[in-house]
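Colleague: curious how this folds, go ahead:
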Amino acid sequence: MCATRTVAVVGAGWAGCTAAVELARRGHTVTLFEASRTLGGRARAFEFNSQVLDNGQHILLGAYSQTLAIMKRVGVDARSALLRLPLQMRYPPGSGGMDFIAARLPAPLHVGVALLRATGLSRADKLSLARFNTSARWMGWTLHVDCSVAELLARFDQTDNLIRLMWRPLCLAALNTPLEQASAKVFLAVLRDSLGARRKASDMLLPRVDLGTLFPVAAGRYVEQHGGTVRLGANVNQLAFDGQWHVHGAQAFDAVVLATPPGQSAHLLRDIPGAAATVAQLDAFTYEPIVTVYLQYDAALRLARPMYALLDDAAVGHWGQFVFDRGQLDAAQAGLLSVVVSAATAATRLDQGMLAEAVAGQLAAALQLPALQQPAWTRVIAEKRATFACSAGLQRPGNQIGVPGLVLAGDYTASDYPATLESAVRSGLAAAKLL
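Modeller: Numbering: from 1, shown residues only. Below is the predicted model:
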């Protein structure tokens, strides 16, 4: 058994919270530093008009085993905290989209039957999807040389309609990066753990509770119950090493888990001997925004389904890509809809009031409910650096960077996955185990 160590975890997003929980579980003395007044990093909640709103709507899509395990460890009941839905891409009836939903059958029959039953796709579209699925399975869902998702889809002769209705929205939702730049390697890993996974593992999970309650708050409580300390409002802007690690404004530590976003991590590492190569990698990152538009209607409003895909077209002011009926996730939010715009650079340039008005009009047209043009109130949340741009060929640093006693944790570290809650959790676990 390893000796007990004092460990500073800098950054209390999902990666930092996971690392802190795992280290505390192993008996180490953990101090968790967070610059803001709430835990969760970019996946956090805030109050507005007597509602608790998340800074963005999340879907857990494929390969979320470690997320569910760490939630269970800190006492969160996933069955009540998450709504489980079959893998699907469903547009409102009459909107010109498609309706695809995985059957309750063992893999790969769940996808095969879904394809046969799918509406809104021509025979050519279905053959195109079947061909892609078969070829990707044969390839083991891997590529030896990365390319863009757009190039990958062209290689497999995917139809324009299938790209428009399925591949593009799925790529935007999972990688938050446009098809023309997105990594085909990472996209295939997402598909491996959704289309290519066993039926239950391919389900989509929607949070019923706010993102803080979903894990970070319980994680902080777990750390404190295991002898650790949680320091909110503690902005760490300097690291130094003289045989022990000194975190700005605090005592010395045996080790550090650096779980801040890439830009802040680069800043903290810039003067650390041996970290230059990692800093160069982090400096090369670019970022993509995500915008979430909340629209409150009468509490009697209820969509036919908890979520729909939407046909977006910026040229006509249709920005939304998915809409969620929050009232079907949490009864206290009856009548509240959330609309997500991924890879939202163009949307962030709009006046927020104009964007909300455009989204309300898009919903009214797509759902054929004219009353949706007049919400009681709206709130636009723009995360301008929501995720790193998951581009083809991007070099991501590992958890271990060659600096003794210091490891990285974050959804941006080297992994099969894009910037998701699951990749953050896996990175946090890996960082803790390295120490």
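
Colleague: looking at this, Ala130 is in a helix?
Modeller: Yes - with DSSP: H, G, I helix; E, B strand; the rest coil as the criterion, Ala130 is part of a helix.

Colleague: wait, doesn't it sit right on Leu115?
Modeller: Yes - with contact defined as C-beta atoms under 8 Å, Ala130 counts as touching Leu115 (6.2 Å). For every residue, glycine as well, the C-beta is placed using N, CA and C.

Colleague: ok, the worst-scoring helix or strand of the chain on mean pLDDT: who's next to it in the sheet?
Modeller: With mean pLDDT, DSSP states H and E as the measure, the helix or strand of the chain carrying the lowest mean pLDDT is strand 45-48 (a mean of 80). According to DSSP bridges, strand 45-48 forms sheet pairs with strand 51-54 (antiparallel).

Colleague: who are the packing partners of the very next helix or strand once past the partner strand?
Modeller: For strand 51-54, the following helix or strand on the C-terminal side (DSSP states H and E) is strand 60-61. Under the contact criterion of 3 or more C-beta pairs under 8 Å, 6 or more residues apart in numbering; DSSP states H and E, strand 60-61 touches strand 204-207.

Colleague: C-alpha coordinates for stretch 160-172, CSV please?
Modeller: Extracted in CSV, the C-alpha atoms of stretch 160-172 (Å, rounded to 0.1, in the frame of the first residue of the first chain):
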residue,chain,number,x,y,z
ASP,A,160,-25.9,14.5,-48.4
ASN,A,161,-29.3,13.9,-46.7
LEU,A,162,-27.8,11.5,-44.1
ILE,A,163,-24.9,13.9,-43.4
ARG,A,164,-27.4,16.7,-42.9
LEU,A,165,-29.8,14.8,-40.7
MET,A,166,-27.5,12.5,-38.7
TRP,A,167,-23.8,12.8,-39.1
ARG,A,168,-23.4,16.5,-38.9
PRO,A,169,-25.7,17.0,-35.8
LEU,A,170,-24.1,14.0,-34.1
CYS,A,171,-20.6,15.4,-34.7
LEU,A,172,-21.5,18.8,-33.5
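
Colleague: before we move on, the earlier item: the more surrounded of Ala130 and Leu115?
Modeller: The residue with more neighbours, out of Ala130 and Leu115, is Leu115; 17 against 14, by other C-beta atoms under 10 Å.

Colleague: now that one: how far from Leu127?
Modeller: 9 Å (C-beta to C-beta, to the nearest Å).

Colleague: where does the stretch 1-150 of the chain have low pLDDT?
Modeller: For the stretch 1-150 of the chain, the stretches with pLDDT under 70 are 1-2, 62.

Colleague: partners of the strand of greatest length in the chain in the sheet?
Modeller: Ranked by residue count and defined by DSSP state E, the top strand of the chain is strand 377-388. In the sheet, strand 377-388 lines up against strand 287-296 (antiparallel) (DSSP bridges).

Colleague: circling back to that earlier point, I'd like to check what contacts the least confident helix or strand of the chain. Which residues are they?
Modeller: Thr38, Val52, Leu53, Asp54, Asn55, Asp210, Leu211, Gly212, Thr213, Tyr294, Arg379 (C-beta atoms under 8 Å, 6 or more residues apart in numbering).

Colleague: could you do stretch 298-308 as well?
Modeller: So stretch 298-308 is contacted by 59, 83, 85, 90-92, 206, 322-325, 327-329, 334-335, 337, 366-367, 376 (C-beta under 8 Å, 6+ apart).

Colleague: noted, bye for now.
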